[in-house]
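[1] Kindly generate the corresponding structure for this input.
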Amino acid sequence: MVDLPVTAKDLYTEIRKRLLSGVDPDTADLDARLILEQRGGLSYLDLLTDNNKQINQESLILIQQDLDARLSGKPIAKIFGEKEFWGRSFKVSEKVLDPRPDTESIIEAVLTWYKAEMPNKPITIVDIGTGSGCIAITLLAEIPNATALAVDYSWDALMIARKNAQINCVEERIHFVQGDYVSALGDDCCDVIVTNPPYIPTADITNLSESVKNYDPILALDGGIDGLDPYKKIFISLKNNLRPNGRLFLECGYDQIEAINRIGINVGANLKRIIYDLGGHARGGEFSCGDK
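    Next comes the predicted model:
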């Protein structure tokens with residue numbers, strides 16, 4: 001039975017109140033508005049100007065289901081099956097990580113490098129651990145002369161990424177490969193490698209929030225004992241994979257860039273700059289390799 005008010009104003013107030021006492025009160029206001037927009041067809045402007053509008057029973061049932069799911073800890077993006085990234089919509093599921101605003105700093109770093117070093121030139125991008133495909137697809141949308149190879153262990157993730165490539169009209173310029181981090185790449189195969197690999201130490205997985213542990217794939221989270229296993233694999237073959245003047249752009253945990261730099265130094269990689277996220281934390285790095 002649905003136990004919710006039927007007018008827009010009272011419904012919004014009640015949903016927000018329940019979410020404020022739930023698992024993620026900081027997003028209660030936004031979550032309430034998204035639920036009403038998706039299921040009740042109500043924009044934020046509607047809530048301000050037409051707040052006595054009646055919500056039909058069918059919509060109330062869906063709103064109740066979404067509210068229950070959110071209160072159980074399910075992320076709002078997983079409830080609706082989509083997430084915005086760099087101004088574009090991406091399909092998501094429990095088979096991939098949700099695109100995050102902090103990852104947009106990697107996009108910004110690649111575009112800055114491209115405009116300075118390779119303006120209007122065709123480039124080949126490899127996205128290691130593509131997941132939803134948000135990094136590779138966004139770069140293709142922003143760089144018309146680019147092509148991409150997107151690699152992931154998970155076939156389910158690749159199917160979602162393929163759908164996102166179609167939605168964002170870049171499917172003709174991206175190729176998807178199921179495999180590990182190294183076997184899919186050839187010598188001098190690319191100008192740019194981008195990656196947001198699993199980087200959480202295995203022992204820390206149990207300390208993650210329920211919304212992460214229960215709804216994100218462990219394969220995309222667990223980076224081994226120290227959280228650095230994927231980076232070790234990537235750097236081993238980096239010198240062979242990158243073309244002259246190529247770059248590796250990687251995302252990492254806020255406290256990992258120094259350890260990752262040490263891994264890079266051992267194979268002749270050079271940290272060109274540290275990439276900071278929206279909160280000012282070191283969230284990644286831009287690397288060249290050897291004399292390239």
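[2] Give me the residue at the spatial middle of the chain.
    residue 99 (2.2 Å; CA atoms, centre = their mean).
[3] Any figure for the gap between it and residue 156?
    The gap separating residue 99 from residue 156 is 17 Å, by CB to CB, to the nearest Å. The C-beta positions use only the backbone N, C-alpha and C, and glycine is treated the same way.
[4] tell me the secondary structure for residue 246?
    The assignment at residue 246 comes out as strand when based on DSSP: H, G, I helix; E, B strand; the rest coil.
[5] ok, it touching residue 288?
    Yes: assessed by CB atoms under 8 Å, residue 246 is found in contact with residue 288 at 7.2 Å.
[6] which of those two has more neighbours?
    The neighbour comparison of residue 246 against residue 288 (other CB atoms under 10 Å) goes to residue 246, with 23 against 19.
[7] and the more buried one, how far is that from residue 194?
    11 Å.
[8] what's the answer for residue 151, then?
    11 Å.
[9] For the residue at the greatest distance from the centre of the chain, which three-state class applies?
    Most distant from the centre of the chain: residue 52, at 37.5 Å, with distances by CA atoms, centre = their mean. With three-state DSSP as the basis, residue 52 sits in coil.
[10] what helix or strand does residue 240 sit in?
    Per DSSP states H and E: residue 240 is located in helix 238-241.
[11] Buried ones in that helix, by neighbour count?
    Within helix 238-241, the residues that qualify as buried are 238, 239, 241, counting by 16 or more other CB atoms under 10 Å.
[12] Also stretch 269-279?
    Neighbour count says stretch 269-279 has 269, 271, 275, 276, 277 buried, by 16+ other CB under 10 Å.
[13] same question, stretch 13-25
    Across stretch 13-25, burial judged by 16+ other CB under 10 Å covers 15, 16, 18, 19, 22, 24.
[14] will you turn those into TSV that also has pLDDT?
    Output for those, formatted as TSV (pLDDT from 0 to 100):
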residue	pLDDT
15	94
16	94
18	95
19	96
22	86
24	87
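[15] Show only the entries of those residues found in helices.
    Cross-referencing those against helices under DSSP state H gives 15, 16, 18, 19.
[16] between the residues you listed, which is closest to residue 128?
    residue 19 (36.4 Å; CB to CB).
[17] Pull the contacting residues for the nearest residue to the closest one once chain neighbours are set aside.
    Nearest non-adjacent residue to residue 19, counting by CB to CB, 6 or more residues apart in numbering: residue 28, 3.7 Å away. With contact set as CB atoms under 8 Å, 6 or more residues apart in numbering, residue 28 has these partners: 16, 19, 20, 22.
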